[in-house]
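> sequence unavailable; structure follows:
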Ligand code: HEC
Ligand code: HEC
Ligand code: HEC
Ligand code: HEC
């Protein structure tokens, strides 16, 4: 029955689309445009508002503050919640700062890249390059709609598919050309246009780019960035040239057991359900997949409890491997900092800093992918193991450098809480808070369509 469904949808979509990809109209960016025609989809989409829980990841694990010292994520980082909050959370996070004009602030415009269908509306209006070359603050007055219909649907054909041009380019460049995929993978690519690793390409107007030309694994992406000599930032303590992984859900799912069995993001997060009169539709609340046990998982798994237990065990295993890698990495950063203070030279430090870069990339690739314990725990645990090894290698090299400069013992500052860790890296949180408050009150609440409280 599932196969037949798929075939039917594929045939209809192919007939309507005729292969061409039509553009959405400006009014399609407004989610209300679609409400009347598709009430079930609209109403279940609107329930992404229900998952409003904010979890402060830095407070949960203060190691993160040290690992991201000198980069925005050490200021503020919450776990993901419902799609409804994408714009609010982006505007409120300390990472985007408090730009009072169109030309200041820490972030580039491409930060809007995975938050709103207004992105494509503006690409159509001013051009992708022109949009991307500006600062984040320049476009806030245009960003009014949260992740919605026009992010995942072609308005003319109705087909569920990615709408971001940079995602289509990346799928093609990595051998996953959209047009060559099965219908179910094409739909899942609608998630893959945002739930991926990306960077802003400084050689091309800071457009969004996925680093996939050599493959999507942790090693392939690392090789890509190394060959490019790309870094996201220089670590404040160790001075290592760092990479920040974003959220490689697509990449880590792709090599999973479920992907091999053709179970996609859509199967688990957007199952088919029935409305009151028995008509089938796709549930558009992309929240917790385990709630969809009956609709999806039960086809292959015996009981919900078994899966809940398996997920808890896998989460614990990933968490343990994560903390073990972090412990080595945090110390490596501090030891590198001490080596610089003791007078180490760039030549002496180079190899150890490269190990730190590689260790932290592998650590981040594994844990930045939310839900990794459900999607691909084996991959996470293995990659975290390599991350730990890389960090141990860095520390062995640093020990020699330190000894050469007469340092036999390094003492670490207190980083046992978020506040202590932020103080240890010299981060002035009160100042950042004040900037954000002024920005929200004097600019966002007065001039931007999404009103955000401090
Ligand atoms: C336009 C970009 C975009 C698209 C398309 C997208 N997501 Fe998301 N997703 C996000 C962002 C951004 C967040 C975090 C929102 C926040 O925390 O404010 C998120 C959060 C989530 C969460 C966490 C929700 C929760 O309640 O905790 C899940 C699960 C998720 N997405 C799954 C999916 C799936 C499955 C698809 C495809 C059907 C998808 N997303 C498509 C950007 C996107
Ligand atoms: C995160 C991506 C995403 C968003 C946002 C989204 N859709 Fe969908 N939509 C899908 C996917 C995936 C399917 C299922 C396609 C399939 O079965 O292959 C779908 C299916 C549909 C269908 C076909 C009938 C059905 O229920 O299966 C309609 C109609 C629809 N969506 C309307 C909407 C409307 C209206 C909105 C905005 C309120 C919306 N969608 C937002 C991804 C999305
Ligand atoms: C086999 C089913 C399955 C597939 C396939 C799947 N997921 Fe998940 N996903 C889950 C489960 C289960 C969880 C929640 C685990 C938990 O809460 O313990 C989850 C969690 C998530 C989260 C984190 C939510 C949070 O609040 O932390 C995101 C984001 C997400 N999935 C996106 C995706 C995307 C994007 C894809 C496709 C590339 C995908 N998932 C494929 C089952 C699946
Ligand atoms: C098409 C079949 C299929 C569907 C549907 C499916 N799974 Fe799986 N799942 C598998 C297979 C096969 C394995 C690997 C079992 C093994 O290695 O012993 C697996 C393994 C798992 C595991 C690892 C623990 C274990 O039992 O080995 C979890 C957790 C999991 N699935 C969650 C889910 C969730 C949650 C859903 C629904 C949202 C889901 N799966 C839907 C086929 C499926």
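Here it is on my side, so go on. Worth saying up front: this structure is predicted, and the values here are computed from it rather than measured. Ligands and ions are numbered 1, 2, ... in the order given.
> contact residues of the stretch 51-200 of the chain facing ligand 1?
Counting by C-beta under 6 Å from any ligand atom, the residues of the stretch 51-200 of the chain close to ligand 1 are 51, 80-83, 85-86, 89, 114-115, 147, 151-152, 190-191, 193-195. From N, CA and C alone the C-beta is placed, and that goes for glycine too.
> swap the cut-off to 5 Å and go again
51, 80-82, 85-86, 89, 114, 147, 151, 191, 194 (C-beta under 5 Å from any ligand atom).
> in helices only, show me these.
86, 89, 151, 191 (DSSP state H).
> most neighbours among those residues, which one?
Compared across these, residue 151 has the highest neighbour count, 26 neighbours, by other C-beta atoms under 10 Å.
> next, count neighbours for the closest residue to residue 34 other than its chain neighbours.
Once flanking residues are discounted, residue 34 sits nearest to residue 149: 4.5 Å by C-beta to C-beta, 6 or more residues apart in numbering. Applying other C-beta under 10 Å, we find 27 residues neighbouring residue 149.
> residue 149: what's it in contact with?
28, 31, 33-34, 38, 41-42, 45, 117, 155 (C-beta atoms under 8 Å, 6 or more residues apart in numbering).
> those in strands, which ones?
Applying DSSP state E to the contacts of residue 149, no entry is found in strands.
> name the element residue 449 belongs to?
Remark: residue 449 resides in no helix or strand, with elements defined by DSSP states H and E.
> host element of residue 323?
Going by DSSP H and E, residue 323 is part of helix 304-341.
> does the next helix or strand after that helix reach ligand 3?
Sequence order places helix 346-367 as the next helix or strand after helix 304-341, per DSSP H and E. No. Judged by C-beta under 5 Å from any ligand atom, helix 346-367 stays clear of ligand 3, getting no closer than 11.3 Å.
> okay, residue 275 and residue 38: tell me how far apart.
Taking C-beta to C-beta, to the nearest Å as the measure, residue 275 falls 12 Å from residue 38.
> higher neighbour count, these two?
Shown here are residue 275 and residue 38; by other C-beta under 10 Å, residue 38 has more neighbours (16 against 12).
> quick one, phi psi at the nearest residue in space to the more buried one that is not next to it in sequence?
Once flanking residues are discounted, residue 38 sits nearest to residue 149: 7.8 Å by C-beta to C-beta, 6+ apart. When read as degrees, to the nearest 10, the backbone of residue 149 gives phi -50, psi -50.
> try residue 274
Residue torsions, per degrees, to the nearest 10, at residue 274 are phi -110, psi 140.
> could you check the pLDDT of residue 104?
With respect to pLDDT, residue 104 scores 95.
> repeat for the one 10 residues further on
Note for residue 114: predicted pLDDT of 97.
> now do the one 5 residues further on
As summarised for this prediction, residue 119 has a pLDDT of 98.
> quick check: closest non-adjacent residue to it.
residue 112 (5.5 Å).
> which ones are touching the one you found?
90, 118-119, 136, 139, 143.
> and for residue 339?
Per C-beta under 8 Å, 6+ apart, neighbours of residue 339: 348-349, 352, 398, 401-402, 405, 407.
> who wins for neighbours among those?
residue 398 leads the contacts of residue 339 on contacts (other C-beta under 10 Å) with 30 neighbours.
> just checking, that residue is part of a helix?
Yes. According to DSSP: H, G, I helix; E, B strand; the rest coil, residue 398 belongs to a helix.
> now it. Nearest residue, chain neighbours left out?
Closest to residue 398 by C-beta to C-beta, 6+ apart is residue 335, at 4.5 Å.
> burial of that neighbour, as a residue count?
23.
> likewise for the one 10 residues further on?
Close neighbours of residue 345, defined as other C-beta under 10 Å, add up to 12.
> now residue 217
18.
> would you agree it is in contact with residue 248?
No. Taking contacts as C-beta atoms under 8 Å, residue 217 lies outside contact range of residue 248: 9.6 Å.
> interface residues of the chain facing ligand 2?
34, 38, 41-42, 45, 148-149, 152, 160, 187, 190, 266, 281-282.
> do that again at 8 Å, thanks
Proximity of the chain to ligand 2 (C-beta under 8 Å from any ligand atom) is limited to residues 5-6, 9, 31, 34-35, 37-38, 40-42, 45-46, 83, 147-153, 158-160, 183-184, 186-188, 190-191, 266, 270, 272, 280-282, 284, 286.
> report the buried members of the residues you listed.
31, 34, 38, 40-42, 45, 83, 147-153, 159-160, 183-184, 186-188, 190-191, 266, 270, 284, 286 (16 or more other C-beta atoms under 10 Å).
> tell me which of the ones in helices among the residues of the stretch 51-200 of the chain next to ligand 1 is nearest to ligand 2?
residue 151 (5.1 Å; C-beta to the nearest ligand atom).
> give the contact list for the nearest residue to that closest one once chain neighbours are set aside.
Spatial nearest neighbour of residue 151, chain neighbours left out: residue 117 (4.8 Å); criterion: C-beta to C-beta, 6+ apart. For residue 117, the contact set (C-beta under 8 Å, 6+ apart) comprises 24, 28-29, 31, 145, 147-151, 163.
> which of those lies closest to ligand 3?
Using C-beta to the nearest ligand atom, the contacts of residue 117 come closest to ligand 3 at residue 147, 12.0 Å.
> residue 449 reaches residue 141, doesn't it?
Yes. Between residue 449 and residue 141 there is a contact at 7.0 Å, judged by C-beta under 8 Å.
> show me where the stretch 101-250 of the chain has strands.
199-201, 207-209, 233-234, 241-242 (DSSP state E, counting those that start in this stretch).
> got any ranges where the stretch 51-200 of the chain has weak pLDDT?
For the stretch 51-200 of the chain, no stretch has pLDDT under 70.
> and it, which residues reach ligand 3?
Near ligand 3, when you scan the stretch 51-200 of the chain using C-beta under 8 Å from any ligand atom, you find 51, 79-81, 188, 191-192, 194-195.
> got a winner among those residues for most neighbours?
Of these, with other C-beta under 10 Å as the count, residue 188 tops at 27 neighbours.
> most proximal residue of the stretch 201-350 of the chain with respect to ligand 1?
For the stretch 201-350 of the chain, C-beta to the nearest ligand atom, closest residue to ligand 1: residue 269, 3.5 Å.
> check contacts around that residue.
Neighbours of residue 269 in contact, by C-beta under 8 Å, 6+ apart: 191, 286-287, 289, 292.
> secondary structure and distance to ligand 4 added to these, as TSV?
TSV is the format used below for the contacts of residue 269 (DSSP: H, G, I helix; E, B strand; the rest coil; distance: C-beta to the nearest ligand atom, whole Å):
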residue	secondary structure	distance to ligand 4
191	helix	14
286	coil	12
287	coil	12
289	helix	4
292	helix	5
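> and the furthest pair within the residues you listed?
191 and 292 (14.8 Å; C-beta to C-beta).
> flag whichever of the contacts of residue 149 scores worst on pLDDT.
For the contacts of residue 149, the pLDDT minimum is residue 155, 82.
> quick check: buried residues in stretch 409-421?
410, 415, 418-419, 421.
> good, we can wrap up now.
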